[in-house]
Structures are given as structure tokens and as C-alpha cells.
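everything below, folded, please.
(3 chains)
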Amino acid sequence: MRAPRCDTQSGLNKGSWSKEEDLKLITYISKYGIWNWGKMPPYAGLSRSGKSCRLRWMNYLKPNLRRGNFTDEEEKLILHYHSLFGNKWSAIAKNLSGRTDNEVKNYWHTHLKKRKMIQGDEANKKEHVKIKTSHKDNESSLDQCFSSISNDETTSSSMFETSFTPGHVVEHEIYYTINSPGTIEDMESFWQQFSSSTHYHELELENFWQEAFFDQESIGYDMHDNKLL
DNA sequence: AATCGTGTCAACCGCCGATCA
DNA sequence: CTGATCGGCGGTTGACACGAT
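This next block holds a predicted model:
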């Protein structure tokens, strides 16, 4: 886990994502969808690059991700598709429901690559693979966050109506292609709801959204139409 | 208890292709 | 056609956890 740090040149945060950052991204996307990774971080109140947000969403926060240990069946599939595709991790991941290319790649490098080499040397040797469950703590804390949001009707959206539960595969397709970042009023209401529906107030971030959303020049605010650009 | 070595995996980086003006 | 922008991909890094000594 990388320690959170701030890049002095760009002023953007780097490293590990905090719980509150996760919440902001989840809540923003649930309300406004994904319209432009490069432009949306300030609207979501995040001091992160668009790439960082996209990566975090795709690899960790997206609702239909399966987390935890790889099953024997998944392991066989990875080996099978790797023999077909090589290091095309995204192609392999597409054949594994709820798994990301990053996860498949990591699993390959930490477990299967080594095993394959050993098997190559000693064809009949059986290798015991220990699989760590280091996501446990994060999952439980995020579970709390998700439940606190999804239990609040004012913030529920199509996303949360579809069993938005980390650690489980959701059957429904989630729509996140809404095209507008909303108005200032929307955002005020949104963050007030966000604040009251989570443990946000305990995080000493009360002033955060004000700093983030009332710097109108930096975020692009059309005074004439009263809309965020 | 302290130190060291190794494994794990979230996140970063740089590149590339698609799209659009 | 060209250049800018954006999303996506694969390789790599490095902080942290944990076992060994």
C-alpha cells in the first residue's frame, strides 16, 4: 500500500486512496455518471488525476467486481487464456467474470508465473499456493460506507438500486453514462446529502466541498447559465 | 524484541490507438 | 491530413505485511 502523498508540482494527491476519496468518487459517479475522467475529479471534490480516478474505479470501486481469492476454476481459465493470448491481461480478464486486468496480472506474476516455471522444471511436482486476503479490512470498512449511502433514499440512484455490494457480482448492468456534471445547486444538495448520509462529518472535511466547489474559476462555472462547465 | 528478507498488490508511468475538431 | 485529447493497456514500482532468524 502506498502512503498518500501530494505531488508538489501538480498539487494532486498520489498514492493510496483514502476512504473519503473512495466515497466521493463512488457518490459522484452514482449521481452524475462518468462523463470525462480528465475533467470530473474537481467536480467530485477530488485532488486526483483523471487517470488515477479511472484506475481506482475500474480496479476497485466498480460495482460488479468480484474480490477475494481466485478459485481453482478461475486459475485454470487464466492459465488457459494466457496460453492463448499471452500477456493480454484485459483479454484474459474479459473471460473472468468480475476480475480486472490488474488483478489477473498481479495474480499471474505472484502465483501462476512461478508455478508454471516450477511445473516446467518438475512436471509432476505439486505446488501449494497460499493466497492472501489482504482486502478484508478495506472491504469491511467500505461495506459500511456503501450501506450507509444505499440506505439513504435521497442519495440512492440506479446504481444503488442494483444490489451495489462490494465483494459480490451484481447481475444487472450498471449505467454510468450520464452526460452532465450538474448545477451548483445540484452539487450543494448532493454534498449535503452525502455529508448527512455518511460519516463524512466525522472526517473533519466539512470545508472541503466548499473549497472545491466555490473556486468557480478553477472548476469552470458558467454564471450566465448557472451551470458547471 | 529487533532486524532482515521476501511476497503481495494497489497504484503509477509511459505508450498507443481511437476519436474529434 | 494533422494535432490534441482521452481512454485503455501492460510493465513496473514501492509501501506494507509477515515470516524467518
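
hmm, A:W108 is touching A:L77, no?
No: applying Cβ atoms under 8 Å, one finds A:W108 not in contact with A:L77, separated by 11.8 Å. In this view, the C-beta of every residue, glycine as well, is placed from N, C-alpha and C.

report the buried residues of stretch A:64-84.
The neighbour-count criterion (16 or more other Cβ atoms under 10 Å) identifies A:64-67, A:70, A:74-75, A:77-78, A:81-82 as the buried residues of stretch A:64-84.

per-domain residue ranges of chain A.
Domain assignment of chain A by automatic domain parsing yields the ranges A:5-62+A:136-228, A:72-121.

what mean pLDDT does stretch A:83-100 have?
Mean pLDDT, taken over the full extent of stretch A:83-100, equals 90.

cool, and stretch A:40-59?
Stretch A:40-59 carries an average pLDDT of 92.

just stretch A:110-120 next, same as before
69.

for A:P42, what are phi and psi?
Torsion angles at A:P42 (phi, psi; degrees, to the nearest 10) stand at phi -60, psi -30.

now do A:Y81
Geometry field for A:Y81 lists phi and psi as phi -70, psi -30, criterion degrees, to the nearest 10.

for it, what are its contacts?
With contacts defined as Cβ atoms under 8 Å, 6 or more residues apart in numbering, A:Y81 is in contact with A:91-92, A:95.

narrow those to those in helices?
A:91-92 (DSSP state H).

among the contacts of A:Y81, who's most crowded?
Neighbours here are counted as other Cβ atoms under 10 Å. On that basis the top member of these is A:I92, with 23 neighbours.

tell me which of the buried residues of stretch A:64-84 is nearest to A:K19?
Checking the buried residues of stretch A:64-84 against A:K19 by Cβ to Cβ gives A:R67 as the nearest, at 16.1 Å.

give me the number of residues near A:H111?
For A:H111, the neighbour count with other Cβ under 10 Å is 17.

mind checking the SS state of it?
Using DSSP: H, G, I helix; E, B strand; the rest coil, the secondary structure recorded for A:H111 is helix.

fine by me, thanks again.
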